[in-house]
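Q: predicted coordinates and the sequence they were generated for:
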Amino acid sequence: MSGAECLFCKIIEKKVTAIIVHEDESSLAFRDINPQAPTHILIVPKKHMDDLRGMNNADREGIGHLFLVAQQIAEKLNLLKNGYRMVINNGRDAGQTVSHVHVHLLAGRRFSWPPG
Ligand code: AMP
Ligand code: ZN
C-alpha cells in the first residue's frame, strides 16, 4: 500500500481526525478508535512502512524511537507503576488490519498470556 491511500498517513497529515497524545519530528501517537484497554494508544512512525517485515538498517533509529516514545507516554500517563503492554502485529496471521507500522500501547488492566 502506498502512503497516499494509507489511513495512518492521513492521520499524520491531519486529513483524518484522531486524539493525538504525542507528536515529534518522526512519530505520532494517538488514541485507538476501538480501545481494548482503559489506555490504548497507537504509536506510528511518520515515514510509511507497511510492517516490520520491510525494515532494514536505515530504520533502526526510527523504529527504536517508537519504544522511547512509548516510555515517555507511559510516564506522562502514570503507567510506569503498574506496567503496560506493547504489541506489534505484523501481517495476516498476527491480525494486522492497518498496513502502516504501529505499536499498540495498552494499559489500565491485567493482560493474559499467551495472547489470543
Ligand atoms: P492492527 O489490527 O494491529 O493493524 O491495529 C490497527 C488498529 O487501528 C486497531 O486497533 C483499530 O482499532 C485502530 N484504528 C483503525 N482506524 C482507526 C482510526 N481512524 N483512528 C484510530 N485508530 C484506528
Ligand atoms: Zn502510511
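A: Received the coordinates, thanks. Since the model is a prediction, treat every value here as computed from it, not as a measurement. Ligands and ions are numbered 1, 2, ... in the order given.

Q: quick one, longest strand in this structure?
A: Longest strand in the chain, counting residues (DSSP state E): strand 39-45.

Q: show me what secondary structure element comes after that strand.
A: helix 60-76 (DSSP states H and E).

Q: hang on, residue 45 packs against residue 66?
A: Yes - judged on Cβ atoms under 8 Å, residue 45 makes contact with residue 66 at a distance of 6.4 Å. All C-beta atoms are positioned from the backbone trio N, CA, C, and that covers glycine.

Q: what touches both of those two?
A: 27, 101 (Cβ atoms under 8 Å, 6 or more residues apart in numbering).

Q: from ligand 2, how far out is the nearest residue to residue 53 once chain neighbours are set aside?
A: Excluding the flanking residues, the one nearest residue 53 by Cβ to Cβ, 6 or more residues apart in numbering is residue 90, at 5.9 Å. Distance of residue 90 to ligand 2, computed by Cβ to the ion, to the nearest Å: 15 Å.

Q: and residue 13, by the same measure?
A: With Cβ to the ion as the criterion, residue 13 and ligand 2 are 10 Å apart.

Q: one more: residue 104?
A: Distance of residue 104 to ligand 2, computed by Cβ to the ion: 16 Å.
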